[in-house]
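Asks: This is the structure alone, sequence omitted:
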């Protein structure tokens, strides 16, 4: 690949809309008791409440960035992420549901926003309490 082609590819990558990746357990769903591990906490019947602030931020992100992708992921798998999104009434905003593991970490590009209670190896993450989206400040 020539330098010119690499530079053109870099410019195209920089022009892609910011994507938002959000975890389910202990991020979108906040558990009232802390039993570990939490994947499948909703399916296991653990008591939880929705992270209303984060749901509001996801809605704001979608309103301000309608061409951006919003992905909900979970260590519990894509079906679990889909179910959590349905229960929280945000599935209509979501571009995709993913298993949260190393096989999908490559989807996160520089500049994307990742909201997760876990520190993901090599990926800049925001804690659920830290994310704040407004028109001129995406994170």
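Replies: Done, it's in. Note that this is a predicted model, so its numbers are computed, not measured.
Asks: how about the strands of this structure, start to end?
Replies: According to DSSP state E, the chain carries its strands in the segments 20-23, 29-31, 48-50, 70-74, 96-99, 113-115.
Asks: Please tabulate those in CSV and include mean neighbour count and mean pLDDT as additional columns.
Replies: The way it works is simple: take the backbone N, C-alpha and C, and place the C-beta from them, glycine included. Rendered in CSV, the data for those read as follows (neighbours: other C-beta atoms under 10 Å; pLDDT from 0 to 100):
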stretch, mean neighbour count, mean pLDDT
strand 20-23, 26, 95
strand 29-31, 17, 84
strand 48-50, 14, 84
strand 70-74, 25, 96
strand 96-99, 18, 97
strand 113-115, 22, 93
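Asks: Save those strands as JSON lines, and put in distance to residue 81 too.
Replies: JSON lines is the format used below for those (distance: least, C-beta to C-beta, whole Å):
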{"stretch": "strand 20-23", "distance to residue 81": "9"}
{"stretch": "strand 29-31", "distance to residue 81": "11"}
{"stretch": "strand 48-50", "distance to residue 81": "15"}
{"stretch": "strand 70-74", "distance to residue 81": "4"}
{"stretch": "strand 96-99", "distance to residue 81": "4"}
{"stretch": "strand 113-115", "distance to residue 81": "13"}
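Asks: Out of those strands, the one nearest residue 82 is which?
Replies: strand 96-99 (4.2 Å; C-beta to C-beta).
Asks: elements contacting the closest one?
Replies: In terms of contacts (3 or more C-beta pairs under 8 Å, 6 or more residues apart in numbering; DSSP states H and E), strand 96-99 is packed against strand 70-74, helix 78-87.
Asks: Without its sequence neighbours, what residue ends up closest to residue 23?
Replies: Excluding its sequence neighbours, the residue lying closest to residue 23 (C-beta to C-beta, 6 or more residues apart in numbering) is residue 116, at 4.1 Å.
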